[in-house]
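Novice: After the sequence you'll find the predicted model.
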Amino acid sequence: MAPEPHLLQGELSCPRCGNDVLEAVSDGIQTNFLCHQCWTCWHWELGWIAPVPALTCPGCRHHEECLRRNAERQEARTDDE
Ligand SMILES: [Zn+2]
Ligand SMILES: [Zn+2]
């Protein structure tokens with residue numbers, strides 16, 4: 001049985017889209033926070049929050065979704081240019 005997702009509400013907000021409901025995901029060593037709105041995984045450390053590359057987001061249960069959304073974002077960016 002999969003463990004219940006641990007959702008943080010109002011404690012951190014996504015620097016990219018401002019969503020303040022993030023899911024804590026952990027691979028047992030490090031904990032990251034996934035934004036379900038823009039599908040970015042964030043690593044929070046010592047008051048500093050940095051995006052985790054979707055290719056490697058450790059412990060993320062939405063890995064495929066992260067990758068897909070990331071690819072879509074890249075395509076959208078290319079179209080702009
Ligand atoms: Zn976000
Ligand atoms: Zn992820």
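Specialist: Looks like it came in fine. Ligands and ions are numbered 1, 2, ... in the order given.

Novice: Could you use CA atoms for every contact and neighbour count after this?
Specialist: Fine.

Novice: Run through the bridge partners of the residue nearest the centre of the chain.
Specialist: Taking C-alpha atoms, centre = their mean, the centroid of the chain lies closest to C41, which sits 1.8 Å from it. On the basis of DSSP bridges, C41 is bridged to L34, V52.

Novice: cool, E45 as well?
Specialist: W48.

Novice: pLDDT score for it?
Specialist: Looking at E45, its pLDDT is 82.

Novice: same thing with the one 5 residues further on?
Specialist: The confidence metric pLDDT takes the value 92 at A50.

Novice: Can you report how many residues neighbour it?
Specialist: Neighbour count of A50, defined by other C-alpha atoms under 10 Å: 13.

Novice: Can you classify it by secondary structure?
Specialist: strand (DSSP: H, G, I helix; E, B strand; the rest coil).

Novice: So it sits against H43, correct?
Specialist: Yes. Contact criterion C-alpha atoms under 8 Å: A50 and H43 qualify, at 5.3 Å.

Novice: Going along the chain, name the strands of this protein.
Specialist: Taking DSSP state E, the strands of the chain run over residues 6-9, 21-26, 31-35, 40-45, 48-52.

Novice: So which of those is nearest ligand 2?
Specialist: Of all the strands of the chain, strand 40-45 sits nearest to ligand 2, with 4.8 Å by C-alpha to the ion.

Novice: What helices and strands are in contact with that closest one?
Specialist: strand 31-35, strand 48-52, helix 63-80 (3 or more C-alpha pairs under 8 Å, 6 or more residues apart in numbering; DSSP states H and E).
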